[in-house]
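Trainee: the amino acid sequence is not available; the structure is as follows:
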């Protein structure tokens with residue numbers, strides 16, 4: 001099916017992510033559509049605010065975890081300049097809720113949407129609609145920075161909805177596991193049912209790197225299999241977490 005470009009002026013996008021591969025990949029994807037134009041790329045929140053102030057994009061795609069000024073810190077200032085959609089690996093309900101409270105009009109998690117869904121979500125902002133997948137288990141309520149937007153809740157698969165429901169039933173203190181931010185991202189993708197190949201694609205890394213991350217995750221979670229690691233991660237292991 002041919003791409004359904006929207007009439008009118010191009011939608012100007014600012015992409016903010018500390019991973020240069022992710023930035024380049026998103027820019028290439030968006031620029032491949034005639035009605036979308038990436039006008040700036042930023043590696044942290046401070047760069048994003050400077051670029052948004054100077055260029056006034058139509059939408060900002062913003063990562064949560066970045067060195068220096070992170071996404072949540074930069075979000076209130078950015079939300080005053082342009083609609084902000086979080087595009088990140090962080091799917092913790094408290095992070096999603098805080099991002100929406102600070103003015104984000106949408107929240108998408110890498111590995112849980114297709115390229116077509118991302119393009120559609122970016123375009124919806126032109127119609128003053130927000131995108132918050134129901135799999136994240138957080139309702140969208142416009143605040144002062146986004147009161148002009150009407151929420152558009154994206155539909156997700158039953159599997160992802162079930163995964164989110166398990167998360168909401170109670171997650172252990174994940175800081176106690178000692179995982180790095182990348183390992184947290186990989187473990188969340190494992191828990192969502194993704195294969196090593198799918199994780200590699202979602203994270204823009206090789207399968208060998210995924211396997212290395214998984215080996216370290218298993219060691220830190222005292223697990224010998226994916227199912228055991230998921231049980232500890234979601235707080236469903238019968239014996240509970242112990243060091």
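Mentor: Okay, I see it. The shown structure was predicted, so the numbers you read here are calculated from the model rather than taken from an experiment.

Trainee: residue 21 looks like it's in a strand, true?
Mentor: No: the assignment for residue 21, made by DSSP: H, G, I helix; E, B strand; the rest coil, is helix rather than a strand.

Trainee: just give the number of residues close to it.
Mentor: Using other C-beta atoms under 10 Å, residue 21 has 11 neighbouring residues. Yep, even glycine has a C-beta here, placed from its N, CA and C like the rest.

Trainee: cool, residue 39 as well?
Mentor: Residue 39 has 16 nearby residues by other C-beta under 10 Å.

Trainee: with residue 227 instead?
Mentor: For residue 227, using other C-beta under 10 Å, the count is 10.

Trainee: Provide a list of residues in contact with residue 52.
Mentor: 14, 40, 60, 78, 81, 82 (C-beta atoms under 8 Å, 6 or more residues apart in numbering).

Trainee: output the contacting helices and strands for whatever helix or strand residue 37 lives in.
Mentor: Following DSSP states H and E, one finds residue 37 within strand 36-42. Applying 3 or more C-beta pairs under 8 Å, 6 or more residues apart in numbering; DSSP states H and E, one finds that strand 36-42 contacts strand 11-16, helix 20-31, helix 45-55, helix 115-124.

Trainee: direction included, what does that strand pair against?
Mentor: Take DSSP bridges as the rule and strand 36-42 pairs in its sheet with strand 11-16 (parallel).

Trainee: now the partner strand, how far from the centre of its chain.
Mentor: For strand 11-16, the gap between its own C-alpha mean and the chain's C-alpha mean amounts to 15 Å (C-alpha atoms, centre = their mean, to the nearest Å).

Trainee: show residues contacting the longest helix along the chain.
Mentor: What stands out as the longest helix in the chain, according to DSSP state H, is helix 207-220. For helix 207-220, contacts defined as C-beta under 8 Å, 6+ apart pick out 177-179, 182-183, 186-187, 190, 196-197, 199-200, 203, 223-226, 229.

Trainee: buried set for it?
Mentor: By neighbour count with 16 or more other C-beta atoms under 10 Å, helix 207-220 contains the buried residues 209, 210, 213, 214, 216, 217, 218, 220.

Trainee: turn those into a markdown table, including distance to residue 97 and pLDDT.
Mentor: Converted to a markdown table, the buried residues of helix 207-220 look like this (distance: C-beta to C-beta, whole Å; pLDDT from 0 to 100):
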| residue | distance to residue 97 | pLDDT |
| --- | --- | --- |
| 209 | 31 | 92 |
| 210 | 29 | 92 |
| 213 | 27 | 94 |
| 214 | 29 | 94 |
| 216 | 29 | 93 |
| 217 | 26 | 93 |
| 218 | 30 | 93 |
| 220 | 27 | 91 |
